[in-house]
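**Student:** Below is the sequence, then the predicted model.
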Amino acid sequence: MTIAAILLGEESWVTVFLTFCLLSLLLVQLVQRAIFLHALRNVPYPTALPLIGNAFQISGSQEEFFQNLVKWSQKYGDIFLIWVGLRPFIFLYKVEAVQPLLSSSVHIDKSLEYEYLKPWLGTGLVTSNGEKWHFRRKLLTPSFHNSLLEIYLKNVKEETNVLISCLQKEAGKWFDVVPYAKRATLDIICGQLK
């Protein structure tokens, strides 16, 4: 049986139905993408190339990436986005912009990148969404009550001052902050065990 006979014969309803389903899915995706892009229309961003976005501008060293972020924040202000492929990543530089997101109980869905952490971290507070996240958050909230945190505040302040003095020695030049952050974190944790 030829293709024309299949398309024009009794089996044509299958072809029409599958084509309709495929086009419907494509249309839904296009509408969702258009709504998403419309919401981002006023957020400034550096010139991006089709399909790869700004990936060519962030593919260098960590120092170059950080320099680009600083340059873009100076040029575009406290909120801007960069495109990595077809995905936008929004950068916020003011507490006033970040606070509503961090305190929201609505905007708690994790991005696609968190899926890569699940095999390593499991489905915990960091990687979970929705009801599972709410339940785990309720379990941990008493651990961060003000009265409990005040007990540890003295040690945190001391170790923060040590960290600041170490970072001040490096002021004016590029350096890797990770070893300092690791040391400060470990000192704070170990200081709580005294």
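**Tutor:** It's in.

**Student:** Okay, Thr15 and Cys21: tell me how far apart.
**Tutor:** Plainly put, Thr15 is 11 Å away from Cys21 if you go by Cβ to Cβ, to the nearest Å. Backbone N, C-alpha and C define where each C-beta goes, glycine included.

**Student:** Of these two, which one has the most company?
**Tutor:** Legend: neighbour count by other Cβ atoms under 10 Å for Thr15 and Cys21, higher for Thr15 (14 against 10).

**Student:** And the more buried one, how far from Leu22?
**Tutor:** Taking Cβ to Cβ as the measure, Thr15 falls 11 Å from Leu22.

**Student:** Centroid-nearest residue for the chain?
**Tutor:** Compute the mean C-alpha point of the chain, and by Cα atoms, centre = their mean the closest residue is Ser111, 6.0 Å away.

**Student:** ok, now which ones touch that one?
**Tutor:** Counting by Cβ atoms under 8 Å, 6 or more residues apart in numbering, Ser111 makes contact with nothing.

**Student:** Kindly format the C-alpha coordinates of stretch 107-126 as PDB.
**Tutor:** Taking Å, rounded to 0.1, in the frame of the first residue of the first chain, the C-alpha atoms of stretch 107-126 are listed here in PDB:
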ATOM      1  CA  HIS A 107       7.200  30.900  44.300                       C
ATOM      2  CA  ILE A 108       8.900  27.900  45.700                       C
ATOM      3  CA  ASP A 109       9.200  25.700  42.600                       C
ATOM      4  CA  LYS A 110      12.800  24.700  41.800                       C
ATOM      5  CA  SER A 111      14.400  25.200  38.500                       C
ATOM      6  CA  LEU A 112      15.500  22.400  36.200                       C
ATOM      7  CA  GLU A 113      19.000  22.600  37.500                       C
ATOM      8  CA  TYR A 114      17.900  21.200  40.800                       C
ATOM      9  CA  GLU A 115      17.100  17.900  39.100                       C
ATOM     10  CA  TYR A 116      20.800  17.300  38.700                       C
ATOM     11  CA  LEU A 117      21.200  17.600  42.500                       C
ATOM     12  CA  LYS A 118      18.600  15.000  43.300                       C
ATOM     13  CA  PRO A 119      20.800  11.900  42.800                       C
ATOM     14  CA  TRP A 120      23.400  13.500  45.100                       C
ATOM     15  CA  LEU A 121      21.200  15.200  47.700                       C
ATOM     16  CA  GLY A 122      18.000  13.200  47.400                       C
ATOM     17  CA  THR A 123      14.600  14.800  47.700                       C
ATOM     18  CA  GLY A 124      15.300  17.000  50.700                       C
ATOM     19  CA  LEU A 125      14.400  20.600  51.600                       C
ATOM     20  CA  VAL A 126      16.800  21.900  49.000                       C
END
